[in-house]
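In: Quick check, what structure comes out for this input:
(one chain, ligands or ions: 1)
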Amino acid sequence: MNNNVIVNADIRKGTINKNIYGHFSEHLGRCIYEGIWVGEDSPIPNTKGIRNDVLEALRQIKVPVLRWPGGCFADEYHWKDGVGPREQRKRMVNTHWGGVVENNHFGTHEFMLLCELLECEPYICGNVGSGTVQEMSEWVEYMTFDGESPMANWRRENGREEPWKLKYFGVGNENWGCGGNMRPEYYADLYRRYQTYVRNYGDNKIYKIAGGANVDDYNWTEVLMKNAGWLMDGLSLHYYTIPGDFWLGKGSALDFPEDEWFITMKKALHMDELITKHSTIMDKYDPEKRVGMIIDEWGTWFDVEPGTNPGFLYQQNTIRDALVAGLHFNIFHNHCDRVQMTNIAQTVNVLQAMILTEGEKMILTPTYHVFDMYKVHQDAELLAVDSTFGEYEYNGEKLPQVTVSASRDAAGKVHISLCNIDHRQEAVLDLELRGIDAAGAKVSGTIITADQMNAHNTFEQPDTVKPAEFTGAAVQGNKLAIKLPAMSVVTIAVE
Ligand code: AHR
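Out: From the prediction side, this is the model:
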């Protein structure tokens, strides 16, 4: 079957919230420490302790929002241990992630500085699992209260006169698991209680995010929406792409057979079904779609790189990860009526990272490049697309060979992003443009692809997988005749 696509440049379906391009940085392995924070005395060039090379790379992809401090770490984190003179800060054990010592050198002030330097919104996840209501309430007061109060005064003593702007606040993380092993009914009640004391001070208005479901736990979404829906602005969802079994072996990031490529694509595509079904439940209680779906953890999760600390979740990143990222963005765009934010796990050195570091060296992963290619969709208007796709068949199983999404930006430029997930065959596409004069338009594009399924960048060869100019689109009247190589992600601009 041929691949046929119609892009309706004059039918808008809603705004693609730029926060769909959000990130997540946990106190896990070498994400915060080494990956972002090296300290002011480090020989690695830094701005007040934050490494400059990573800052510069993240600025380039326009990070809109950054989630911190966890993850599972969030429900064991006591924020007061992470403020004040660094050398006097309490040391703790990071029980979830390798049992290493956490010296609390990266705390609230350092995180807020990072967000200021990136010009992104902070998204802080509070501690419900092992923290008190008072502790959560005082954290918000510490960060956002302008007047005279114990917490605001303490912030000033610690060197910050003005309150920070804080919009996004999560009330716990994975409270069905590492965040307290709760039943949804119990968490819904706790959510109601904790969120009451997450105050809006002055003109700082907090967007409250309730801890959401794991994968296809639709009952969790049902119970939360029914019992607390009107008290939340967002409800989270977590889903990771794991080709194998979470406990018995997830599969290697680099050394994998063909069938694991196929399974990875199939599992990544499952995100579409999850969003659809959770949205349907949310629609029942919130037909106006006021409550955003916040997919604040997603991405590939493979076995750790051999020889690395199993608690550090360090994995390499290949062209397969690039396809997973592109697939997810196409799905997120197409659900932009409900999906208001997503945060890939995680920014540096952990899981499906944008950046890997080794001492003073830094490389950009194939996933990073997809974020860069797709940033044109941030805050653009989603366009209606009609499509029929050929099949990608492997061992008798079938998937659509191509996925697509399209948007129009504020300047009127149309961007079409396409993923050919087939690891062997190119995809030939007939793409009709409606509502735009294709014949008179300037068409350009960027592609990321590779010859090997496990092509990746290393510290020795950092540019093996990187974007290049796409020359596979020929204008024919109001149509584009497109050839997508196997294993490719492409973004086409029409202006
Ligand atoms: O991202 C790694 C971990 O995965 C997070 O800490 C947790 O929330 C999830 O289970």
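
In: So in that sheet, which strands flank the lowest-mean-pLDDT helix or strand in the chain, and in what orientation?
Out: Taking mean pLDDT, DSSP states H and E as the measure, the chain has strand 473-476 as its least confident helix or strand, at a mean of 92. Counting by DSSP bridges, the strands paired with strand 473-476 are strand 479-484 (antiparallel).

In: can you list the residues that contact the strand it pairs with?
Out: Residues outside strand 479-484 that contact it (C-beta atoms under 8 Å, 6 or more residues apart in numbering): 402, 418, 420, 426-433, 438, 443, 472-474, 490, 492. Glycine gets a C-beta too; all of them are placed from N, C-alpha and C.

In: for that strand, the distance to its chain's centre please.
Out: Computed by C-alpha atoms, centre = their mean, to the nearest Å, the chain-centroid distance of strand 479-484 equals 30 Å.

In: Can you show me the CA trace of whichever helix or strand comes after that strand as PDB?
Out: As assigned by DSSP states H and E, the chain's next helix or strand after strand 479-484 is strand 488-494. What follows is strand 488-494, C-alpha atoms only, in PDB (Å, rounded to 0.1, in the frame of the first residue of the first chain):
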ATOM      1  CA  SER A 488      14.600   8.200   9.500                       C
ATOM      2  CA  VAL A 489      13.000  11.300  11.100                       C
ATOM      3  CA  VAL A 490      12.400  14.200   8.800                       C
ATOM      4  CA  THR A 491      11.000  17.700   9.300                       C
ATOM      5  CA  ILE A 492      10.000  19.600   6.200                       C
ATOM      6  CA  ALA A 493       9.300  23.400   6.200                       C
ATOM      7  CA  VAL A 494       7.000  24.900   3.600                       C
END
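
In: what angle separates strand 488-494 from strand 479-484?
Out: 160 degrees (axes from the mean of the first three to the mean of the last three C-alpha atoms, to 10 degrees).

In: what packs against strand 488-494?
Out: Applying 3 or more C-beta pairs under 8 Å, 6 or more residues apart in numbering; DSSP states H and E, we find strand 488-494 packed against helix 319-334, helix 366-374, strand 414-420, strand 443-449, strand 479-484.

In: Which residue, neighbours along the chain excluded, lies closest to the residue of the stretch 51-200 of the chain at minimum distance from the ligand?
Out: Proximity of the stretch 51-200 of the chain to the ligand (C-beta to the nearest ligand atom) peaks at residue 71, 2.7 Å away. Nearest residue to residue 71, sequence neighbours excluded (C-beta to C-beta, 6 or more residues apart in numbering): residue 26, at 3.8 Å.

In: How many neighbouring residues does that neighbour have?
Out: 28 (other C-beta atoms under 10 Å).

In: coming back round to it: CA atoms only for the least confident helix or strand of the chain - export them in CSV, please.
Out: What follows is strand 473-476, C-alpha atoms only, in CSV (Å, rounded to 0.1, in the frame of the first residue of the first chain):
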residue,chain,number,x,y,z
ALA,A,473,11.1,16.0,-1.3
ALA,A,474,10.2,17.1,-4.9
VAL,A,475,7.5,19.7,-5.5
GLN,A,476,5.0,18.5,-8.1
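
In: chain center to it, what's the gap?
Out: On C-alpha atoms, centre = their mean, the centre of strand 473-476 falls 33 Å from the chain's centre.

In: ok, the residue of the stretch 201-350 of the chain found nearest the ligand - how many residues close by?
Out: Closest residue of the stretch 201-350 of the chain to the ligand, C-beta to the nearest ligand atom: residue 345 (4.0 Å). For residue 345, the neighbour count with other C-beta under 10 Å is 25.

In: Distance of it relative to residue 113?
Out: Here residue 345 is placed at a distance of 22 Å from residue 113 (C-beta to C-beta, to the nearest Å).

In: Tell me the helix or strand right after the helix of greatest length in the chain.
Out: Secondary structure of the chain read by DSSP state H shows that its longest helix is helix 258-285. Sequence order places strand 292-300 as the next helix or strand after helix 258-285, per DSSP H and E.

In: thinking again about what came up before, the longest helix of the chain vs helix 319-334, what angle?
Out: On the basis of the same axes, to 10 degrees, helix 258-285 is oriented at 20 degrees to helix 319-334.

In: From the contact counts, what lies against helix 258-285?
Out: helix 218-228, strand 234-241, strand 292-300, helix 319-334, strand 391-394, strand 397-400.

In: Just put those in TSV and tack on mean neighbour count, distance to the ligand and mean pLDDT.
Out: As requested, the helices and strands packed on helix 258-285 are arranged in TSV below (neighbours: other C-beta atoms under 10 Å; distance: least, C-beta to the nearest ligand atom, whole Å; pLDDT from 0 to 100):
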stretch	mean neighbour count	distance to the ligand	mean pLDDT
helix 218-228	20	14	98
strand 234-241	24	6	98
strand 292-300	26	5	98
helix 319-334	27	15	98
strand 391-394	16	29	96
strand 397-400	15	26	97
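
In: Could you say which one of those comes nearest to residue 159?
Out: Taking C-beta to C-beta, strand 292-300 is the member of the helices and strands packed on helix 258-285 nearest to residue 159, at 29.5 Å.

In: what distance separates the closest one from the centre of its chain?
Out: Mean-position distance between strand 292-300 and its chain equals 6 Å (C-alpha atoms, centre = their mean).

In: Look up how far residue 288 lies from residue 282.
Out: According to C-beta to C-beta, residue 282 and residue 288 sit 11 Å apart.

In: go on, residue 93?
Out: Taken as C-beta to C-beta, the span from residue 93 to residue 288 is 45 Å.

In: Tell me which of those two has more neighbours.
Out: residue 93 (12 against 6).

In: In a helix, the more buried one, correct?
Out: No. Per DSSP: H, G, I helix; E, B strand; the rest coil, residue 93 lies outside any helix segment and is strand.

In: Identify the residue of the stretch 351-495 of the chain closest to the ligand, quick one.
Out: Going by C-beta to the nearest ligand atom, the ligand is nearest to residue 351 of the stretch 351-495 of the chain, at 5.8 Å.

In: Got phi/psi on that residue?
Out: phi 50, psi -140 (degrees, to the nearest 10).

In: Might you report the residue contacts of it?
Out: Neighbours of residue 351 in contact, by C-beta under 8 Å, 6+ apart: 240, 299-301, 313, 315, 345.

In: which residues pair with the closest residue to it other than its chain neighbours across the strands?
Out: Take residue 351 and drop its neighbours on the chain: the residue closest to it by C-beta to C-beta, 6+ apart is residue 345, 4.7 Å away. Beta-bridge partners of residue 345, counted by DSSP bridges, are residue 24.

In: residue contacts, residue 345?
Out: 24, 26, 71, 240, 297-299, 301, 351-352.

In: on that earlier part again, next up, the contacts around the residue of the stretch 51-200 of the chain closest to the ligand.
Out: Counting by C-beta under 8 Å, 6+ apart, residue 71 touches 24, 26-28, 96, 125, 173-174, 297, 345-346.

In: Highest neighbour count among those?
Out: Ranked by neighbour count (other C-beta under 10 Å), the contacts of residue 71 have residue 173 at the top, with 31 neighbours.

In: Any chance you could list what contacts stretch 6-17?
Out: By C-beta under 8 Å, 6+ apart, stretch 6-17 touches 292, 332-333, 336-337, 339-341, 377-387, 406-408, 414, 416, 431-436, 494.

In: So which of these belong to helices?
Out: 332-333.

In: What is the burial count for residue 463?
Out: Using other C-beta under 10 Å, residue 463 has 9 other residues around it.

In: Please list the residues of the chain that sit near the ligand.
Out: Residues of the chain that fall close to the ligand, judged by C-beta under 6 Å from any ligand atom: 26, 70-72, 173-174, 297, 345-346, 351.

In: how about 5 Å then?
Out: Proximity of the chain to the ligand is confined to 71-72, 174, 345 under the rule C-beta under 5 Å from any ligand atom.
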